[in-house]
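Chemist: fold the following.
(one chain, ligands or ions: 2)
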Amino acid sequence: MNKSIAIVIPSYNEATNIDVLVKALNETVTNLSYDFKFVFVDDGSSDDTIAILKEKSKLQDNIFYVELSRNFGHQNALKAGIDLVKNNADAIISMDGDMQHPPKIIPELIRKWEEGYEVVYTIREEDKKLSYFKNKSSNMFYGLMNKLSDIKFEPGTADFRLIDKKVAQVFSDFSENELFIRGIINWVGFKQFAVNYEPNERFSGKSKYTFGKMMRFAIQGITSFSTKPLSMAIILGISLSVFAFIFYIGYVIYSIYYGHVISGWASVITTVVFFGGLNLVVLGIIGVYIGKLFMQSKGRPNYLISNTNYK
Ligand code: UDP
Ligand code: MG
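Modeler: Numbers count the residues shown, from 1 in each chain. Ligands and ions are numbered 1, 2, ... in the order given. Next up is the predicted model:
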């Protein structure tokens, strides 16, 4: 019997991409002797995504749809797919539904898995096809992540990877409220291998990761894997207190020598605003962690499935 491989594809308003992707996937897997299942997770799309998926699943019996009850976000949609297929697949491949992750490297992912690697992840080569902004912001993000957290992140990694059944089982037990899957996959260890690839342009539609979303995702990633921002707040506070104390002593000595000096209004206001801002930043950092505790304490599920034909 052939081993089975499930390809999980979170899709949010990807109606115009499904056709191309399915064609490309079919072409890729046609010469491989595995049982492939294409599992599309419709993340509460407002376009025809689900209608098209239902249509496709009638025409081809290895296409499955999973309909979430609303938009839960990319990471949760991906978890929904993995949770659902984990008991029936020997390996799970996750990829985006917009053709940016080229299906043609899937055989290579599988080859590495057959060699014994339990996680085969991919690294996007810095590419002119992606916007300058996306490349730069992604590099900055990973630089910051590595400084601030205790596990190592490689720039250019996305949620395009193959994981072995074993890893899927372990991952499925994670009940973190704010998922940062690439961090968790890095954290779990196992035998990992990286494959490089050249990303394509998004086939159609536009990116759902706006600047705001990307910022939130970055903060989520950092605060999920590290409490360093909290200790940084302490260090910052202490440094500023020491600075203020030295400044005060200096000022006293200065005024003994030169008599009392009235300082300008502008500098006073600047200082007040600066420290006011700093207070808010530190409070905000603490707030993020408290928010995480709050959300986690409610123990709500990461997603809700309203309908699926998966079996
Ligand atoms: N996605 C999703 N839910 C969302 C946002 C995105 O399932 O709320 C999917 C989307 O359909 C795509 C993948 O996640 O398959 C990556 O999203 P996108 O291409 O917009 O991000 P980018 O490639 O620009 O980082
Ligand atoms: Mg994309």
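Chemist: neighbours of residue 100, how many?
Modeler: 19 (other C-beta atoms under 10 Å). In short, each C-beta sits where N, CA and C put it, glycine included.
Chemist: could we number from 16 for the rest of this?
Modeler: Okay, residue one is now 16; in that scheme the one you just asked about reads as residue 115.
Chemist: so it, which state does it fall into?
Modeler: Secondary structure assignment for residue 115 (DSSP: H, G, I helix; E, B strand; the rest coil): coil.
Chemist: go on, residue 298?
Modeler: Going by three-state DSSP: residue 298 is helix.
Chemist: just the helices in the stretch 66-215 of the chain please.
Modeler: 89-100, 121-129, 147-163, 180-187, 196-203 (DSSP state H, counting those that start in this stretch).
Chemist: could you say which of these is packed most deeply?
Modeler: helix 89-100 (a mean of 23; mean count of other C-beta atoms under 10 Å).
Chemist: tell me the angle that one makes with helix 196-203.
Modeler: 60 degrees (axes from the mean of the first three to the mean of the last three C-alpha atoms, to 10 degrees).
Chemist: what about stretch 83-98, near ligand 1?
Modeler: Yes. Against ligand 1, stretch 83-98 shows contacts by C-beta under 6 Å from any ligand atom at 86, 88-89, 92.
Chemist: next, count neighbours for residue 179.
Modeler: Residue 179 has 20 neighbouring residues, counting by other C-beta under 10 Å.
Chemist: kindly report the same for residue 230.
Modeler: Residue neighbour count, defined by other C-beta under 10 Å, stands at 13 for residue 230.
Chemist: what's the host helix or strand of it packed up against?
Modeler: Element membership of residue 230, judged by DSSP states H and E, is helix 226-240. Counting contacts by 3 or more C-beta pairs under 8 Å, 6 or more residues apart in numbering; DSSP states H and E, helix 226-240 is packed against helix 147-163, helix 196-203, helix 280-313.
Chemist: from the chain's centroid, how far away is that helix?
Modeler: Relative to the centre of its chain, helix 226-240 is centred 8 Å away, using C-alpha atoms, centre = their mean, to the nearest Å.
Chemist: what's that helix in contact with?
Modeler: Residues outside helix 226-240 that contact it (C-beta atoms under 8 Å, 6 or more residues apart in numbering): 152, 156, 159-160, 163-166, 191, 193, 195, 198, 202, 224, 244, 303-304, 307.
Chemist: between helix 147-163 and it, find me the angle.
Modeler: 20 degrees.
Chemist: how about helix 226-240: buried residues?
Modeler: Residues 229, 232-233, 235-240 are the ones in helix 226-240 that count as buried (16 or more other C-beta atoms under 10 Å).
Chemist: and the two most separated of the residues of stretch 83-98 next to ligand 1?
Modeler: Maximum pairwise distance among the residues of stretch 83-98 next to ligand 1 (C-beta to C-beta): 9.6 Å, between 86 and 89.
Chemist: that older thread, now render the helices of the stretch 66-215 of the chain as TSV, adding distance to residue 38.
Modeler: Shown next, in TSV, are the helices of the stretch 66-215 of the chain (distance: least, C-beta to C-beta, whole Å):
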stretch	distance to residue 38
helix 89-100	21
helix 121-129	14
helix 147-163	26
helix 180-187	27
helix 196-203	27
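Chemist: related to what we said a few turns ago, of the contacts of helix 226-240, list those near ligand 1.
Modeler: residue 224.
Chemist: what's the closest of the residues of stretch 83-98 next to ligand 1 to ligand 2?
Modeler: residue 89 (9.4 Å; C-beta to the ion).
Chemist: check contacts around the closest one.
Modeler: Residue 89 neighbours (C-beta under 8 Å, 6+ apart): 25, 27, 58, 174, 223-224.
Chemist: C-alpha coordinates for stretch 58-65, CSV please?
Modeler: Taking C-alpha atoms only, stretch 58-65 is exported to CSV below (Å, rounded to 0.1, in the frame of the first residue of the first chain):
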residue,chain,number,x,y,z
ASP,A,58,-10.9,30.3,6.3
GLY,A,59,-14.3,32.1,6.2
SER,A,60,-13.8,33.5,2.7
SER,A,61,-16.3,36.1,1.5
ASP,A,62,-15.8,35.2,-2.2
ASP,A,63,-16.6,31.9,-4.1
THR,A,64,-13.8,29.9,-2.5
ILE,A,65,-16.0,27.4,-0.8
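Chemist: that stretch close to ligand 1?
Modeler: Yes. Using C-beta under 6 Å from any ligand atom, stretch 58-65 comes into contact with ligand 1 via residue 58.
Chemist: leaving out sequence neighbours, find the closest residue to residue 134.
Modeler: Excluding its sequence neighbours, the residue lying closest to residue 134 (C-beta to C-beta, 6 or more residues apart in numbering) is residue 207, at 4.3 Å.
Chemist: residue 315: neighbouring residues, count only.
Modeler: Counted with other C-beta under 10 Å, residue 315 comes out at 11.
Chemist: ok, the residue in the stretch 166-315 of the chain that ligand 2 sits nearest to - contacts?
Modeler: Nearest residue of the stretch 166-315 of the chain to ligand 2, counting by C-beta to the ion: residue 217, 5.0 Å away. By C-beta under 8 Å, 6+ apart, the contact set of residue 217 is 32, 113-115.
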